[in-house]
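Participant: all I have is the shape, not the residue letters:
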């Protein structure tokens, strides 16, 4: 025999509210995850590289090296700028399929 009372109703109401909050967060975070995945996949397709995490790490390293080349050229360090530029372009060339 089951008796339903105030605390049973309160527990169900609180559980429903918690479940709703979890579903909302799940939907929002799932949407953000899908958006990030689609963005990275589109960027990888546009560049012509694989869409693996290693490829994106190599891309970031290459961009950092190119940034160092630009900074060296702005300091009027031609030799250093050329070295950073060659290194950056060499790393970026590994990405192209």
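Facilitator: Arrived safely. Note that the structure is a prediction, hence the values are computed from the model and not measured.

Participant: the residue most central in space within the chain: which element?
Facilitator: In the chain, the C-alpha nearest the mean C-alpha coordinate belongs to residue 36, at 5.8 Å (C-alpha atoms, centre = their mean). Residue 36 is located in helix 6-47, with elements delineated by DSSP states H and E.

Participant: repeat for residue 61
Facilitator: Taking DSSP H and E as the definition, residue 61 sits inside helix 53-74.

Participant: and that helix, what's buried?
Facilitator: 55, 56, 58, 59, 62, 65, 66, 68, 69, 72 (16 or more other C-beta atoms under 10 Å). Glycine gets a C-beta too; all of them are placed from N, C-alpha and C.

Participant: closest to residue 11 among the residues you listed?
Facilitator: Nearest to residue 11 out of the buried residues of helix 53-74 is residue 56 (C-beta to C-beta; 46.2 Å).

Participant: which one is residue 44 nearest to, not counting chain neighbours?
Facilitator: residue 51 (3.9 Å; C-beta to C-beta, 6 or more residues apart in numbering).
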